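Visitor: Quick one, structure for this:
(2 chains)
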Amino acid sequence: MSLDYLWTGFAVALQWHNLLFGLLGCLLGTVVGALPAIGPINGIALLLPLAYTLGVPAESTMILLAGVYYGAEYGGRISSILLNVPGDAGAVMTALDGYPMARDGRGAEALALSGIASFVGGMLSVLALTFFAPLLGQLAIGFGPAEYFVLMIFAFATLTSMVGDQPVKTMIGAAFGLALSTVGLDPTSGAYRFTFGEPELYDGIEFIILVIGLFSISEVLVLLERQHRGGLETVSIGRGFPSLATLRLCLGAMLRGTGIGFLIGVLPGTGASVASAVSYTTEKRISDRAGTFGRGDPRGLAAPEAANNAAAGGAFVPMLTLGVPGSGTTAVMLGALLLYNIQPGPQLFTERPELAGGLVASMYIGNILLLVLNLPLVQIFVRMLLIPNWILLPGILALAFLGVYSTYASSLSIVLMISVGIFGYLLRKLGFDLAPVILGFVLGKVTETNLRNALAISGGELGILFASPIALVLWALAVLVLFAPLLLRRRSSEPRA
Amino acid sequence: MRSLLAAALVVLFAASARAAPEKLECLAPAKPGGGFDITCQLLRLSLQNAKLVPQPVAVTYMEGGVGAVAYNHVVGTRPADPGLVVAASAGSALLLAQKKFGVHDENAVRWLAAIGADHGVIVVNAQEPFKSLKELGEALKANPAAFPFGGAGAVGSQDWMKAAIFAKSLGIDPKGLRYAALEGGGAVLTALLGGHVRIGTGDASEVGAHHKAGRVRVLAVLSEQRLPGDLADVPTAREQGLDLVWTTWRGFYMGPKVSDADYTWWVELLRKLAATPEFAAERQAKGLFPFTKIGAEFDRQVKADVARFRELAREAGLL
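Guide: Numbers count the residues shown, from 1 in each chain, chains lettered A, B, ... in the order given. Now for the predicted structure:
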């Protein structure tokens, strides 16, 4: 792919009205990302009819929507870190170390660090998109059901890093997640499972409802309990910027997060939530020697944040090279083209270079805008931590209820959210970690569908799971991830010569 | 005098009966950007461009169960709303036929009109040697296990049905098909390009551009006549001696308690709309093919479709 389209694109994206659209998209995206339950798809759904009715041209609309998409990946981290309320699907892992950091008086630092990690992930992925898109398009094609299944096996192998000192509870948690993911339409046979004749359950349990219930509702209950006991410490907001030493410590985590996130983002069958999950568990596997992950380790924050932004960039690869969407959000964006009477397809980006180029150029600009926007805002956002509990807790609850109800418009979704929240609270009281539940849920559906599709293709022969080079490489990686720590431990325990 | 009064009353009554509902709303039972959205946007834009009614059509969204949530919502909560139409497709009829829309059946709503259609296609990777549906059929018959199908949707979905009627026409039991249920038409294309599946089933509007770009080869369109546009060179299945037709109409239904007068108001509005050049232009721009059935004619079409789909599902062992 020659880069001419990109110069055309910068010429388009740098026009003042398109810059404004980009800025507007980034701002709105940050807001919808930060609000629980409302993610980039909702933001786009809100803006698309508006932009269309106002007669905004197609390339400006794409720039606006890409800004929302990107901004949401930045914004999701804010509520994850400060409130333990993941703002969107990609930000769940961010809460695991980000929230403990904020509780530890390092809220501002966590926000700034995650902003920088987002920038690194976003920027590097756009660079990779610019220079390697055609090659990566081939990678996306190389992944069939069998390869996706083995990729999920790899993801489960990295999950063993979460086991910690209570393996049984981790396994039970992951099994809960897996079980919850089976609710709804069986993606292969088309049968309804565990829906009790309730149409609102036909699509299964919405990920975001599960996350909000499990994290936010249970968090409010835990905070209330602590408040009641009088053991609630006031949190300081901490100094604003991560030290150079912290940044250096996190550099490797960011780069690994970017690589993993981008590659997983390129694959149309997986998204930002899988990307950040795999990146977090891999990083824990690699870096967590002292057992500090989950207790406010900055690397556990940097890796998934870089990954979810890189995944958002990677999702544009199939869209640009193959004309097929790489994620739910890019699918909506491609669908948006139809409203503009533009048929999405492989020729789109040769026939309309100003559209493709403008989009890619706007990602460069958008990432810089978002970093510039986000770093100064840290000082404002972080004051959320100073809100007294008697306002904060009802506030979180109101946000959770509003977010879920405005998106799913059903009382069942509220009931589900509350029951999951109580369930989550009980799990926490029993000493369970919530992350494995989420991971089991995220990976469950992809794993099941792809295994069954692979076996449908092969007629039940298991050989298909080992047939392609990609699958074999992934098996090898899975084995490596499972056993490497054992070997490393043995080596490091040997006396040094 | 009395007759004059009566006449005036009749005129008055007729006028009020024909009065437009205050607010017009098109409910797309899905996320924005999909086929249901396109259906609603076509209605909204062509009405706006043709200037047939003063008030705009608001497009709203309610996702869930591929339309089942909206179906139950309309039947249960807004059965008499005169201004509300809900987007539906042949896929909705297929789900109704398999009793997958909850407790309600196809008689629970008032079917209003179809305003466009997409047509089924059978597609292979451009590197496959097969140039016609017949050649593919022979190869498939000789060794069904070598030809996994890929479609967007589970067993019992439209794409699966297309594969099933193809197999059935060759004398192959659909139950023995190797079929991968992929997530959306884009996934079917990538799986074909990557060689993970060898036969794809899908919709003409989605694969047209890819066929023209030479990445995949559409072997047959499952329509009654050849299609205009990117697929103009592709023969129908019937031309190739296989009686396979799969039409995905796109249209609307209304609540069950909507009055005859309001229903008739919509029927007449859509009749007028369908005759305008603005409508034809929008329909083409949205990638839909001409397919207009309004009022009683459409109602018969839906009921006939549901009956036929039920039969197909029963034969395939789904019911």
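Visitor: Output the below-cut-off pLDDT ranges for the stretch 351-497 of chain A.
Guide: Residues of the stretch 351-497 of chain A that meet the criterion pLDDT under 70 lie in A:485, A:488-497.
Visitor: Within range of chain B, give me the residues from it.
Guide: A:408, A:409, A:410, A:449, A:452, A:453, A:454, A:456, A:457, A:458, A:459 (Cβ under 8 Å from any Cβ of the partner chain). For every residue, glycine as well, the C-beta is placed using N, CA and C.
Visitor: ok, now which ones touch the second one?
Guide: Read it as residue A:409. Counting by Cβ atoms under 8 Å, 6 or more residues apart in numbering or on different chains, residue A:409 makes contact with residue B:62.
Visitor: Phi and psi next, for it.
Guide: Backbone torsions of residue A:409, given as degrees, to the nearest 10, read phi 50, psi 40.
Visitor: Return the residues in contact with the residue nearest the centre of chain A.
Guide: Note on chain A: the residue nearest the mean C-alpha position is residue A:90, at 1.6 Å, using Cα atoms, centre = their mean. For residue A:90, the contacting residues are A:73, A:76, A:271, A:272, A:273, A:275, A:276, A:308, A:311, A:312, by Cβ under 8 Å, 6+ apart.
Visitor: so what pLDDT did it get?
Guide: Residue A:90 is assigned 79 on the pLDDT scale.
Visitor: Doesn't it lie inside a strand?
Guide: No - counting by DSSP: H, G, I helix; E, B strand; the rest coil, residue A:90 is not found in a strand; it is helix.
Visitor: Now do it against residue A:246, distance only.
Guide: Residue A:90 sits 23 Å away from residue A:246 when distances are taken as Cβ to Cβ, to the nearest Å.
Visitor: before we move on, back to that, I'd like the contacts of residue A:90 as CSV, with distance to chain B, secondary structure and neighbour count appended.
Guide: Shown next, in CSV, are the contacts of residue A:90 (distance: Cβ to the nearest Cβ, whole Å; DSSP: H, G, I helix; E, B strand; the rest coil; neighbours: other Cβ atoms under 10 Å in any protein chain shown):
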residue, distance to chain B, secondary structure, neighbour count
A:73, 19, helix, 34
A:76, 19, helix, 35
A:271, 11, coil, 25
A:272, 16, helix, 34
A:273, 15, helix, 27
A:275, 17, helix, 33
A:276, 20, helix, 34
A:308, 20, helix, 36
A:311, 17, helix, 35
A:312, 17, helix, 33
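Visitor: now these as CSV including pLDDT?
Guide: Converted to CSV, those look like this (pLDDT from 0 to 100):
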residue, pLDDT
A:73, 83
A:76, 84
A:271, 77
A:272, 82
A:273, 83
A:275, 90
A:276, 90
A:308, 90
A:311, 91
A:312, 87
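Visitor: Return the member of those residues nearest to residue A:3.
Guide: Nearest to residue A:3, judged by Cβ to Cβ, of the contacts of residue A:90 is residue A:312 at 21.7 Å.
Visitor: Excluding residues flanking it in the chain, which one is nearest that closest one?
Guide: residue A:73 (4.9 Å; Cβ to Cβ, 6 or more residues apart in numbering or on different chains).
Visitor: same thing with residue B:302?
Guide: residue B:111 is the one closest to residue B:302 (Cβ to Cβ, 6+ apart), at 4.6 Å.
Visitor: Kindly report the same for residue A:154.
Guide: Looking at residue A:154 with Cβ to Cβ, 6+ apart, the closest residue is residue A:478, at 4.3 Å.
Visitor: With residue B:173 instead?
Guide: Residue B:173 sits nearest to residue B:167 (Cβ to Cβ, 6+ apart), 7.2 Å away.
Visitor: What mean pLDDT does the helix or strand hosting that neighbour get?
Guide: Per DSSP states H and E: residue B:167 is located in helix B:158-169. Mean per-residue pLDDT for helix B:158-169: 94.
Visitor: Going by neighbour count, list what's buried in it.
Guide: Neighbour-count burial for helix B:158-169, counted by 16 or more other Cβ atoms under 10 Å in any protein chain shown, picks out B:158, B:159, B:160, B:161, B:162, B:163, B:164, B:165, B:166, B:167, B:168.
Visitor: Is the helix or strand that it is followed by positioned near chain A?
Guide: Sequence-wise, the next helix or strand beyond helix B:158-169 is strand B:179-182, with elements assigned using DSSP H and E. Yes - Strand B:179-182 lies within reach of chain A by Cβ under 8 Å from any Cβ, at B:179, B:180, B:181, B:182.
Visitor: could you pull out the strands for chain B?
Guide: Assigned strands in chain B, in chain order: B:24-28, B:57-61, B:84-89, B:110-125, B:149-152, B:179-182, B:199-203, B:216-222, B:247-254, B:293-294 (criterion: DSSP state E).
Visitor: rewinding a little: residue A:66 versus the residue nearest to residue A:154, what's the distance?
Guide: Distance from residue A:478 to residue A:66, by Cβ to Cβ: 34 Å.
Visitor: and if you look at residue A:13?
Guide: 10 Å.
Visitor: next one: residue A:94
Guide: Counting by Cβ to Cβ - residue A:94 and residue A:66 are separated by 21 Å.
Visitor: ditto for residue A:90
Guide: In terms of Cβ to Cβ, residue A:90 sits 16 Å off from residue A:66.
Visitor: next one: residue A:112
Guide: 24 Å.
Visitor: Which one of those two is surrounded by more residues?
Guide: residue A:66 (30 against 23; other Cβ atoms under 10 Å in any protein chain shown).
Visitor: Who are the packing partners of the helix or strand encompassing that one?
Guide: In this assignment (DSSP H and E), residue A:66 forms part of helix A:58-83. Applying 3 or more Cβ pairs under 8 Å, 6 or more residues apart in numbering or on different chains; DSSP states H and E, we find helix A:58-83 packed against helix A:16-34, helix A:40-53, helix A:92-101, helix A:107-142, helix A:298-314, helix A:328-339, helix A:353-381.
Visitor: try it again with 6 Å
Guide: helix A:16-34, helix A:40-53, helix A:92-101, helix A:107-142, helix A:298-314, helix A:353-381 (3 or more Cβ pairs under 6 Å, 6 or more residues apart in numbering or on different chains; DSSP states H and E).
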